[in-house]
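In: generate a structure from the sequence data that follows.
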Amino acid sequence: MSSNRRDFIRKAAPVAAVAAVPVVAGGQAMASDNDQGNGKGHGHGRPPRKEVHYPGGGQPPENPLFSPIVTYGNMVFISGIGAHFEGDIRAHTDHVLNEIERYLESVGSSMEKVLKVNVYLNTLDDYAGMNEVFLGRWGKEPGVRTTIAAAAGIPGDSLVEIDCIAVI
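Out: Numbers count the residues shown, from 1 in each chain. Sure thing, here's the model as predicted:
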């Protein structure tokens, strides 16, 4: 009986060692916080750090209320973007999604790498029109999404505001 147990333990050890390696889809090991390898001051044993990015490069002359794009390690956070011009929900949604795509690409990400999206509508009456433009913009496997109608409306008379979280 004891030899069977020893044989089991001897054979099980290599299997347990392989099972302990974290793996994501595609068979690649997951990167730790200290192994980002994205050329942004991460990896090589250095911890990730917060980096603020501004469209067009330079920080505004006055201290802003919020940052439009923040990266931390391989994570990207895009502030809510609205459309502040005359137009319908389709035009506003298209404009906002184009801006989000531009912001993501400016830091080395893409729409396909978005994990979470929050959509704020001025009215739920615009839900179907927003979805018409939204559909397909995030690749074949879009991230998760929450959609609400803002009780007091969207600042600046935008019909929609969208923010998101992505990876690089």
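
In: tell me which residues in stretch 131-141 are buried?
Out: 133-134, 137-138 (16 or more other CB atoms under 10 Å). In short, each C-beta sits where N, CA and C put it, glycine included.

In: from the residues you listed, which land in helices?
Out: With helices defined by DSSP state H, the entries of the buried residues of stretch 131-141 inside them are 133-134.

In: break down this structure into its helices, ranges please.
Out: Using DSSP H, helices in the chain cover 2-19, 89-106, 127-134.

In: could I get the contacting residues of Ile154?
Out: When contacts are counted by CB atoms under 8 Å, 6 or more residues apart in numbering, Ile154 touches 82, 120-122, 160-161.

In: most neighbours among those residues, which one is it?
Out: Highest neighbour count within the contacts of Ile154, by other CB atoms under 10 Å: Val160, with 29 neighbours.

In: list the contacts for that one?
Out: Listed by CB under 8 Å, 6+ apart, the contact set of Val160 reads 82-83, 89, 92-93, 96, 119-122, 126, 130, 154.

In: next one: Asp126
Out: Counting by CB under 8 Å, 6+ apart, Asp126 touches 89, 159-160.

In: how about those residues in TSV, adding pLDDT and distance to Thr71?
Out: What follows is these, written out as TSV (pLDDT from 0 to 100; distance: CB to CB, whole Å):
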residue	pLDDT	distance to Thr71
Ile89	98	30
Leu159	97	29
Val160	98	24
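
In: I'd like to know which of those residues is nearest to Arg49.
Out: Of all the contacts of Asp126, Arg49 sits closest to Val160, with 32.2 Å by CB to CB.

In: distance of that closest one from Gly129?
Out: Between Val160 and Gly129 the distance is 9 Å, computed by CB to CB, to the nearest Å.
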